[in-house]
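Engineer: Generate a structure from the sequence data that follows.
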Amino acid sequence: MTTVATRAHNQPPPLEGYDLYGENRPLVEAVAREGAGWADESLRALGTRLGGEPLELGRLANENPPRLRTHDRFGERIDEVEFHPAWHALLGLAVEHGLHASPWRQPRPGAHVARAAAFMTLAEVEAGVGCPLSMTFAAVPALRAEPALLDEWAPLLTSMVYDPGLRPAANKAGALCGMAMTERQGGSDVRANETLARPAGDIEATLHGHKWFCSAPMCDAFFVLAQSPGGLTCYLLPRVLPDGERNAFHIDRLKDKLGNRSNASAEIRLEGAWARRVGEEGRGVATIIEMVVHTRLDCVLGSTGLIRRAVAEATHHAAHRTAFGHPLVEQPLMENVLADLCIDSEAATLLALRLARAYDEDDVAFRRLATTVAKYWVCKSTPPLVAEALECIGGNGYVEESVLPRLYRESPLNSVWEGPANVQALDVLRALQRKPESAEAVLREIELAAGLDSRLDTSVAALRAELADPDDWGARRLVERLALCLAGSLLVRDGSPAVAEAFCATRLGRDGGRSYGTLPRGVDASPIVERHRPRV
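Structural biologist: This is a model prediction of the structure:
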């Protein structure tokens, strides 16, 4: 007798086999509005591909984290990191689609917006591969400080070929770049770095010291800060020397991290590692800041992708799960919670894509402040949102198979990476002091919505008063108000009217609570949820 398997009663179907990009309606609209409508077809193709097998690859890459091999079987030092084939497949797919380089390969209007949408969509599948992609992307503008190195490395860093393995750069079809700034005694205070650079030629040096966090140690080259005779200086360090010998770059151990487990982060020792200077001696921070700015953009994009995946999982579950005789999505309190989550998802999406357009337009004044503000607010918003989405699914959301635990572990990362919240808030104060044109650029953008919502107008007036006398004590409050006013302006002008109304009522008008699901009466929640629910 043959037994036919049937689907369990009252369990949602798997959220897979669909276009991750095309079903993200706020993102599709923002891509067209911000100047990358020409990329719609390729983004839909990528979204469809990511909604298939890569979802399983993301699971496998996390369940089989990287392993460090310091020596080979003959006792020779090799310092290699081994990855599961799923990791290589995901990273190769991303490189194939240019997520690490497309704006540099084809610098056209909307190129950064199109890449941002692709990066956000990939983050829904697996965030770990975003680290090497982001740093490789950010390496190119940093290398412009040293044209000879740019000419040598840019063709490899922008190649669409994923070519893993440690070999001389001249023998590779493509390369990836990492970063090693943080030391045990310094943390975000990179000027406290103690790694020494001993001159060994015109722009050459040998580096000696320890780095507490080296991101993606399997990369082909790294930006490193070290103390030269002229002060803190930026260097480019290859993993393999031109003659094929391994550079004196030794991995002590891999970090056992809360999240981002598919990606490797390492503690390293530099014992006379050969490197070449990038930019002026003693101007290391000014040189590497171009890399940091672009990776901060990707922190915003990555967190927005995590938010979207969490919202998609929660709304999908509620649409297919019945409790007490009715679908969860139709029950008022659950609808309140889901709509509240969707509001922050749409706000983050509009903010992220507007920010990406500033990079297309090379709007330095706007992006200088807006990147830091968005990085603070979007990344800080992610953990509580993912936690609430997990709770929407209940006990099923708490088990690993639901993907929510992986998203939850990942959710704090981007707030820590490239400077935690306090660093971002103090950086905003520095920008206000040193680059006042940045504040005016952001305020001009906000005031494009002047007169469209009284609650936004009131918040902007309060913001201007706070900007007149900023201080360290109130830095977080100021940055949050900047973010909310900017997101509110974008929503009022371009977002869903129902989302904009609810955002202004609760995030600006304070007619809401400190947790999700506290939207006031009168919010039209149903269309908000339907707008964000994948149609699967």
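Engineer: What is the neighbour count of the closest residue to His316 other than its chain neighbours?
Structural biologist: Distances taken as CB to CB, 6 or more residues apart in numbering place Leu15 nearest to His316, at 4.7 Å, with adjacent residues excluded. Glycine gets a C-beta too; all of them are placed from N, C-alpha and C. Leu15: 21 surrounding residues under other CB atoms under 10 Å.
Engineer: Report pLDDT for Thr6.
Structural biologist: pLDDT recorded at Thr6 is 62.
Engineer: quick one, strands of the stretch 101-250 of the chain?
Structural biologist: 177-180, 196-199, 204-215, 221-228, 231-238, 249-254 (DSSP state E, counting those that start in this stretch).
Engineer: Indicate each strand paired with whichever helix or strand comes after the last one and its parallel or antiparallel sense.
Structural biologist: Yep, that's strand 249-254 we're talking about. Where DSSP states H and E defines the elements, the next helix or strand beyond strand 249-254 is strand 265-278. Paired neighbours of strand 265-278 in the sheet (DSSP bridges): strand 204-215 (antiparallel), strand 231-238 (antiparallel), strand 249-254 (antiparallel).
Engineer: Leu353 contacts Ala117, doesn't it?
Structural biologist: Yes: using CB atoms under 8 Å, Leu353 is in contact with Ala117, at 7.2 Å.
Engineer: shared neighbours of the two, anything?
Structural biologist: Leu27, Ala30, Val31 (CB atoms under 8 Å, 6 or more residues apart in numbering).
Engineer: Can you convert the strands of the stretch 101-250 of the chain into TSV and add a column each for mean pLDDT?
Structural biologist: Listed next are the strands of the stretch 101-250 of the chain as TSV, based on pLDDT from 0 to 100:
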stretch	mean pLDDT
strand 177-180	95
strand 196-199	96
strand 204-215	95
strand 221-228	96
strand 231-238	97
strand 249-254	97
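Engineer: List just the one of the ones you listed that sits closest to His71.
Structural biologist: strand 249-254 (10.6 Å; CB to CB).
Engineer: What lies in contact with the closest one?
Structural biologist: 66-68, 70, 77, 79, 81, 214, 217, 222, 237, 239, 264-271, 273.
Engineer: quick one, phi/psi of the residue nearest to His316?
Structural biologist: According to degrees, to the nearest 10, the main-chain angles of Leu15 amount to phi -90, psi 80.
Engineer: Pull up the gap between it and Arg309, please.
Structural biologist: 9 Å (CB to CB, to the nearest Å).
Engineer: Could you find the closest non-adjacent residue to Leu490?
Structural biologist: Here the residue nearest Leu490, using CB to CB, 6+ apart, is Leu350, at 4.3 Å.
Engineer: shouldn't that neighbour be in contact with Gly495?
Structural biologist: Yes: with contact defined as CB under 8 Å, Leu350 reaches Gly495; the gap is 5.8 Å.
Engineer: Between the two, which is the more surrounded one?
Structural biologist: Neighbours per residue (other CB under 10 Å) separate Leu350 from Gly495, with Leu350 holding more: 28 against 24.
Engineer: how about the helix or strand hosting the more buried one: buried residues?
Structural biologist: Using DSSP H and E, Leu350 maps to helix 332-360. Using 16 or more other CB atoms under 10 Å as the test for burial, helix 332-360 gives 334-360.
Engineer: Show the low-confidence segments of the stretch 401-536 of the chain, by residue range.
Structural biologist: In the predicted model, the stretch 401-536 of the chain carries no residue with pLDDT under 70.
Engineer: Show the residue spans covered by the helices in it.
Structural biologist: 404-410, 413-416, 421-434, 436-446, 454-467, 475-494, 497-503, 525-532 (DSSP state H, counting those that start in this stretch).
Engineer: Quick one: those as a markdown table, columns for mean neighbour count too.
Structural biologist: Formatted as a markdown table, the helices of the stretch 401-536 of the chain follow (neighbours: other CB atoms under 10 Å):
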| stretch | mean neighbour count |
| --- | --- |
| helix 404-410 | 23 |
| helix 413-416 | 22 |
| helix 421-434 | 17 |
| helix 436-446 | 18 |
| helix 454-467 | 16 |
| helix 475-494 | 23 |
| helix 497-503 | 23 |
| helix 525-532 | 20 |
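Engineer: closest to Leu196 out of those?
Structural biologist: So among the helices of the stretch 401-536 of the chain, helix 421-434 is nearest, using CB to CB, at 25.1 Å.
Engineer: now for that closest one, which elements pack on it?
Structural biologist: With contacts defined as 3 or more CB pairs under 8 Å, 6 or more residues apart in numbering; DSSP states H and E, helix 421-434 has these neighbours: helix 364-393, helix 436-446, helix 475-494.
Engineer: follow-up on the earlier one: so can I have a markdown table of the helices of the stretch 401-536 of the chain showing distance to Thr322?
Structural biologist: As requested, those are exported to a markdown table (distance: least, CB to CB, whole Å):
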| stretch | distance to Thr322 |
| --- | --- |
| helix 404-410 | 20 |
| helix 413-416 | 35 |
| helix 421-434 | 40 |
| helix 436-446 | 43 |
| helix 454-467 | 37 |
| helix 475-494 | 32 |
| helix 497-503 | 25 |
| helix 525-532 | 16 |
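Engineer: Leu301 is nearest to which of the ones you listed?
Structural biologist: If we rank the helices of the stretch 401-536 of the chain by CB to CB, the stretch that ends up nearest is helix 413-416, at 9.0 Å.
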